[in-house]
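Peer 1: this one's structure only:
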């Protein structure tokens with residue numbers, strides 16, 4: 001089992017920045033890929049950015065050049081932190097942001113989600 005807890009959301013003006021964090025704990029050695037998704041009001045949840053199992057980042061076209069995803073594996077602990085640095089924020093970035101972790105097939109292949117953190121960008 002893996003537990004994910006997001007933090008860092010809030011209210012920011014257009015053009016501002018926020019940094020989201022996702023603390024992963026539990027069987028973190030079972031994590032294959034991690035990513036950030038978002039769900040705007042009344043819309044479906046979509047991918048924002050992710051990391052492949054090899055650590056390569058990829059982004060939705062709408063956030064390329066503005067958002068940066070990174071992962072920090074703390075030494076000698078079972079905790080991983082996934083971050084999303086969001087710059088040049090726009091009102092259309094307003095959404096609930098969710099952290100996701102997919103486990104390796106060896107560990108069962110389940111997909112885990114955090115509880116979400118609200119990001120609101122005012123115009």
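Peer 2: Thanks, I have it. Here the structure is a predicted model, which means the values were calculated and not measured.
Peer 1: Relative to residue 62, how far out is the residue positioned nearest the centre of the chain?
Peer 2: Compute the mean C-alpha point of the chain, and by CA atoms, centre = their mean the closest residue is residue 36, 2.8 Å away. With distances taken as CB to CB, to the nearest Å, residue 36 is found 13 Å from residue 62. Using the backbone N, CA and C atoms, a C-beta is placed for each residue, glycine as well.
Peer 1: For the worst-scoring helix or strand of the chain on mean pLDDT, which strands pair with it and how are they oriented?
Peer 2: The least trusted helix or strand in the chain, going by mean pLDDT, DSSP states H and E, turns out to be strand 67-73, with a mean of 91. Looking at strand 67-73 with DSSP bridges, its partner strands are strand 80-86 (antiparallel).
Peer 1: before we move on, back to that, other SSEs contacting the helix or strand the residue nearest to the centre of the chain falls within?
Peer 2: Here residue 36 sits within strand 31-39, counting by DSSP states H and E. For strand 31-39, the packing partners by 3 or more CB pairs under 8 Å, 6 or more residues apart in numbering; DSSP states H and E come out as strand 18-26, strand 46-51, strand 67-73, strand 80-86, strand 95-103.
Peer 1: Quick one: closest of the ones you listed to residue 1.
Peer 2: The closest of the helices and strands packed on strand 31-39 to residue 1 is strand 18-26. By CB to CB, the value is 5.0 Å.
Peer 1: where does this protein have low pLDDT?
Peer 2: Counting by pLDDT under 70, the chain shows low-confidence ranges at 74-78.
Peer 1: could you redo the last one with a cut-off of 90?
Peer 2: 1, 27, 53-54, 72-80 (pLDDT under 90).
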